[in-house]
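Novice: show me how the following folds:
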Amino acid sequence: MNSLTVRTARWSARHPWRAIVGWLVFVALCLGAGSAVGTNSARTADYRVGEAGRAEALAAEGHLERRATEQVLISARAGALDHGAARAAAEELTARMKRLPDVAAVAAPLLSDDRSVLMVEVALKGEERDAKDKVDALVAQTAAVQRSHPELRLEETGSPSISKGVDQQRSDDLALSEAITLPVTLITLLVVFGSVTMAGVPLLLALSSIAAAIGLSMVASHLSPDAGVGTNVILMIGLAVGVDYTLFHLKREREERARSGGRLGPEALVELAAATSGRAVVVSGLAVVASTATLYLASDVIFSSLATGTIVVVLVAVASSLTALPALLVKLGQRAERGALRRAARGKPDRRVRGQGGGGRVWGALLRPAARHPLATLCVSVIGLLALAAPLAGLRITEMSRDTHSRDIPAMRVYDRLNEAFPEQRVTHQVVVRADVARAAQVAGALREVARRADADPLFTGASRTRTSADHRTSVLELKVPYLGDSEQAHDSLDRLRDDYLPATVGRIDGAEYGVSGDVARYADYPAHQNGKLPLVLGALLLVTFAMTVYAFRSVVLGLLGVALNLLSAAAALGLLVLVFQGTWAEGLLDFDSTGSIGSRVPLFLFVILFGLSMDYQVFVVSRIREASLAGVPTRQAVLDGIRGSASVVTSAAVVMTTVFVSFVFLHIIEMKQIGFVLAVAVLIDAFVVRVLVLPSAMLLLGEASWWPSRGARRAAAVREETSLARPAVDVR
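Specialist: I've put the predicted structure just below:
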């Protein structure tokens, strides 16, 4: 009863106002520090992976990097296009764009083959990642020309416009997610506690933890750049674990109050809760942090950003449960005591003391199969989970490209019209070559040969352009492909370049470095990069999960069991994801257009986050079981009592987590939909199948072996055996 967890809670309980004010000051300082230093956003170079990344780096060294571009389409509002008016509008637009400080160049107007659309392409200065912040000025000029030519329709699209539209849609989606999640979470907590005040405590602490984590993540971005997804994951994970950690603590405090029959004061109750659920929260939080940290091994800026956001918000949530929560519980407890005294003076009963329950009839019924037939229950449950995992055999992972964005974004609808009017502009491959100056002529000849071969290949349009750096060491050949970036033909054209044309030409030049970049190359190389890192990350994840479980329960057997259960629930959830999102049958139900694949980041993110979140239930449930076992209760009874005793809080926590994750299914971004769906399903499977059927069945079958090689559990078992032998026989006839 003198661990750091208890000492921290004890101090907060004895100095509640200091702890509460200190927590609020901490949150304010975090937000202030974050606002002061700002967010260090990831740069273009941070996203480079694979051959495409190496090619982009070569081009950047020669100052030939690809520029962000915007396309303005000029068409008739009705009838045939007036080419004279369109040319005049294009000239005015070109003049206006060239005057903008962020514009690098404006290309000559290009007329579509059917002569119905005139296109003006504008290249921006600076990095691709910064272009979305500069696009408003271009849109304003397009709007001004539109007002000058009301008979025409001017529409703008391009990577910057689309990125800005995606960001705005993500912001709107998050607002919708919060509007759904917060009321449902509050209602769930009201059902659990039957009190508005007590229901508000977990929610307020979670929201304050999220606020502090957002500020700290801005500071942390100067060590690991933010890829623009940090806030998303902080909101998603922060609300889930923040409420859960507070819930675990609150429920235990209520149980101890009921057990004491009102004889213990608020400070003592807080210490008891800190010694049990408080420790479980700390261990659980550290497990989430340790497992999430394995994402850094993926060597990817997006996964690093996700890891940083998750780690920061989990640590802050743990801190709030050890400091602000005990202080709040004491103040609420003191208020309840005063209310009890007033009621007692009026001769009314003390409403604070309630029975502990025991999980209720529902949970007794749910546990009955495991209790009576553990082997059969284990076999049936595992077979069922393996059946859910079966669709994994058909898993297809792809990078979610620009073509998968929602058409609710105006720039995406213009993008579709651009692809229809100018099919030859759909995809551009950049062949980058760097060699010594002495070999410049060889490089130029090899690139001409590549262009000649592409001219005769139906996978290419025949249009090409070569640029050379000022020092003549770097050259870039641009080749057009008349197919969408996510089409098989576009990927075949990339393979043709990499496997055939370049090895036979540029590849024969001694000392030449070369590679192919462009959108298609990026979309192909990123999943390949992730697949290469997957064994390392998963291996580290399994090792961390095993180590944390052994540390928490001093049991190798439970460590192995925890890894197996997490793998089983993750595989089942991922199988359901494949079943739902790779097919088309659920498109109308969940409002998405199937890409026939799963986003390349989803499986790895699922495994890492789920392994961490599963430790919430694992630590909380098994801690209750171990606590009973160390107190002398036989393992069988300890398993059943521990699961019944934790049933309500696990159910409530699972409902809260599921609500948070399900709200992300309503988002427009397909990858966020997939992540929200798979995490919601995984939590339900983990809470209602793994922890109710598989875990108790396995532990009942293992018996005392579950705790091997824990000395404490063995001593408790020995004491039980000695007590049993020493007890005199009783004639029960």
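Novice: please make it C-alpha for all contacts and neighbour counts, starting now.
Specialist: Will do.
Novice: which stretches of the stretch 101-250 of the chain form helices?
Specialist: Counting by DSSP state H, counting those that start in this stretch, residue ranges of the helices within the stretch 101-250 of the chain are 135-148, 159-193, 196-220, 230-260.
Novice: typo on my end, the stretch 601-733 of the chain
Specialist: Counting by DSSP H, counting those that start in this stretch, the helices of the stretch 601-733 of the chain are 602-630, 635-663, 670-685, 695-702, 711-726.
Novice: also the stretch 351-500 of the chain?
Specialist: Along the stretch 351-500 of the chain, counting by DSSP H, counting those that start in this stretch, helices occupy 360-372, 374-389, 410-421, 440-455, 488-496.
Novice: of those, which is nearest residue 580?
Specialist: For those, the distance to residue 580 is smallest for helix 374-389, at 11.5 Å, taking Cα to Cα.
Novice: got the angle between the closest one and helix 360-372?
Specialist: Compare the direction of helix 374-389 with that of helix 360-372 by axes from the mean of the first three to the mean of the last three Cα atoms, to 10 degrees and you get 100 degrees.
Novice: ok, residue 42 - contacts?
Specialist: For residue 42, the contacting residues are 129, 225, 226, 227, 228, 301, taking Cα atoms under 8 Å, 6 or more residues apart in numbering as the criterion.
Novice: wait, which of the residues you listed is closest to residue 404?
Specialist: Nearest to residue 404 among the contacts of residue 42 is residue 228, at 18.3 Å by Cα to Cα.
Novice: can you report phi and psi for the closest one?
Specialist: phi 90, psi 0 (degrees, to the nearest 10).
Novice: repeat that for residue 74.
Specialist: With angles defined as degrees, to the nearest 10, residue 74 shows backbone torsions of phi -110, psi 120.
Novice: surely it meets residue 157?
Specialist: No: between residue 74 and residue 157 there is no contact, the gap being 11.7 Å when judged by Cα atoms under 8 Å.
Novice: ok so, going back, can you pick the most crowded of the contacts of residue 42?
Specialist: Neighbour counts for these, by other Cα atoms under 10 Å, peak at residue 226, which reaches 26 neighbours.
Novice: how far away is that residue from residue 239?
Specialist: Residue 226 is 20 Å from residue 239, where distance means Cα to Cα, to the nearest Å.
Novice: ok, now residue 709?
Specialist: Distance of residue 709 to residue 239, computed by Cα to Cα: 37 Å.
Novice: check residue 455 too.
Specialist: Going from residue 455 to residue 239 by Cα to Cα gives 56 Å.
Novice: which residues of the chain score low on pLDDT?
Specialist: Along the chain, the model assigns pLDDT under 70 to residues 1-2, 262, 336-360, 711-733.
Novice: walk me through the domains of it.
Specialist: 1-37+195-347, 65-164, 360-394+532-725, 410-524 (automatic domain parsing).
Novice: closest one to residue 374 among the helices of the stretch 601-733 of the chain?
Specialist: For the helices of the stretch 601-733 of the chain, the distance to residue 374 is smallest for helix 695-702, at 4.4 Å, taking Cα to Cα.
Novice: give me the residues contacting the closest one.
Specialist: Contact with helix 695-702 is made by 370-371, 373-375, 377-378, 565, 635-636, 639-640, 643, 706, as judged by Cα under 8 Å, 6+ apart.
Novice: residue 205 is in contact with residue 244, isn't it?
Specialist: No: under the contact definition of Cα under 8 Å, residue 205 does not touch residue 244, with a separation of 10.7 Å.
Novice: more neighbours: which of those two?
Specialist: Using other Cα under 10 Å as the criterion, residue 205 and residue 244 rank with residue 244 on top: 28 against 22.
Novice: now the helices of the stretch 351-500 of the chain as TSV including distance to residue 552?
Specialist: Rendered in TSV, the data for those read as follows (distance: least, Cα to Cα, whole Å):
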stretch	distance to residue 552
helix 360-372	24
helix 374-389	24
helix 410-421	50
helix 440-455	61
helix 488-496	48
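Novice: mind putting these into a markdown table with distance to residue 109 and mean neighbour count?
Specialist: As requested, these are exported to a markdown table (distance: least, Cα to Cα, whole Å; neighbours: other Cα atoms under 10 Å):
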| stretch | distance to residue 109 | mean neighbour count |
| --- | --- | --- |
| helix 360-372 | 70 | 16 |
| helix 374-389 | 53 | 17 |
| helix 410-421 | 14 | 19 |
| helix 440-455 | 23 | 18 |
| helix 488-496 | 26 | 17 |
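Novice: residue 536: which of the ones you listed is closest?
Specialist: helix 374-389 (22.1 Å).
Novice: can you give me how far that closest one is from the chain middle?
Specialist: Computed by Cα atoms, centre = their mean, to the nearest Å, the separation of helix 374-389 from the middle of its chain amounts to 28 Å.
Novice: what angle sits between that helix and helix 695-702?
Specialist: 140 degrees.
Novice: what is helix 374-389 packed up against?
Specialist: With contacts defined as 3 or more Cα pairs under 8 Å, 6 or more residues apart in numbering; DSSP states H and E, helix 374-389 has these neighbours: helix 360-372, helix 556-581, helix 695-702.
Novice: in the last one, what counts as buried?
Specialist: When neighbours are counted by 16 or more other Cα atoms under 10 Å, the buried residues of helix 695-702 are found to be 695, 696, 697, 698, 699, 700, 701.
Novice: just to revisit the earlier point, closest one to residue 414 among the helices of the stretch 601-733 of the chain?
Specialist: Across the helices of the stretch 601-733 of the chain, closest to residue 414 is helix 670-685 (Cα to Cα), at 19.8 Å.
Novice: tilt between that closest one and helix 230-260?
Specialist: 20 degrees.
Novice: could you list which residues are in contact with the residue nearest the centre of the chain?
Specialist: In the chain, the C-alpha closest to the average C-alpha coordinate belongs to residue 233, at a distance of 5.2 Å (Cα atoms, centre = their mean). Taking Cα under 8 Å, 6+ apart as the criterion, residue 233 is in contact with 306, 309, 310.
Novice: show me the strands in the stretch 451-600 of the chain, by range?
Specialist: When secondary structure is read from DSSP state E, counting those that start in this stretch, the stretch 451-600 of the chain shows strands at 464-468, 474-481, 513-517, 598-599.
Novice: next one: the stretch 251-400 of the chain
Specialist: Counting by DSSP E, counting those that start in this stretch, the stretch 251-400 of the chain forms strands over residues 397-398, given from the N-terminal end onward.
Novice: a markdown table for the strands of the stretch 451-600 of the chain, including distance to residue 499 and mean neighbour count?
Specialist: Written out in a markdown table, the entries for the strands of the stretch 451-600 of the chain read as follows (distance: least, Cα to Cα, whole Å; neighbours: other Cα under 10 Å):
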| stretch | distance to residue 499 | mean neighbour count |
| --- | --- | --- |
| strand 464-468 | 19 | 16 |
| strand 474-481 | 16 | 24 |
| strand 513-517 | 11 | 24 |
| strand 598-599 | 26 | 22 |
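Novice: how about these, which one is nearest residue 4?
Specialist: Taking Cα to Cα as the measure, the strands of the stretch 451-600 of the chain were each checked against residue 4, and strand 598-599 came out nearest at 42.1 Å.
Novice: from residue 703, how far out is the residue nearest to the centre of the chain?
Specialist: For residue 233, the distance to residue 703 (Cα to Cα) stands at 39 Å.
Novice: same question for residue 437.
Specialist: Residue 437 is 74 Å from residue 703, where distance means Cα to Cα.
Novice: next, count neighbours for residue 109.
Specialist: The local packing of residue 109 (other Cα under 10 Å) involves 18 other residues.
Novice: what's it in contact with, if anything?
Specialist: Residues touching residue 109, when contacts are defined by Cα under 8 Å, 6+ apart, comprise 87, 90, 118, 119, 120, 121.
Novice: and those residues, which two are furthest apart?
Specialist: When Cα to Cα is used, the two most widely separated members of these are 87 and 121, lying 13.9 Å apart.
Novice: of these two, which one has the most company?
Specialist: Under the neighbour definition other Cα under 10 Å, residue 87 and residue 121 were set side by side, and residue 121 has more, 19 against 15.
Novice: let me know the secondary structure of the closest residue to the more buried one other than its chain neighbours.
Specialist: Spatial nearest neighbour of residue 121, chain neighbours left out: residue 71 (4.5 Å); criterion: Cα to Cα, 6 or more residues apart in numbering. Counting by DSSP: H, G, I helix; E, B strand; the rest coil, the backbone at residue 71 sits in strand.
Novice: no further questions, thank you.
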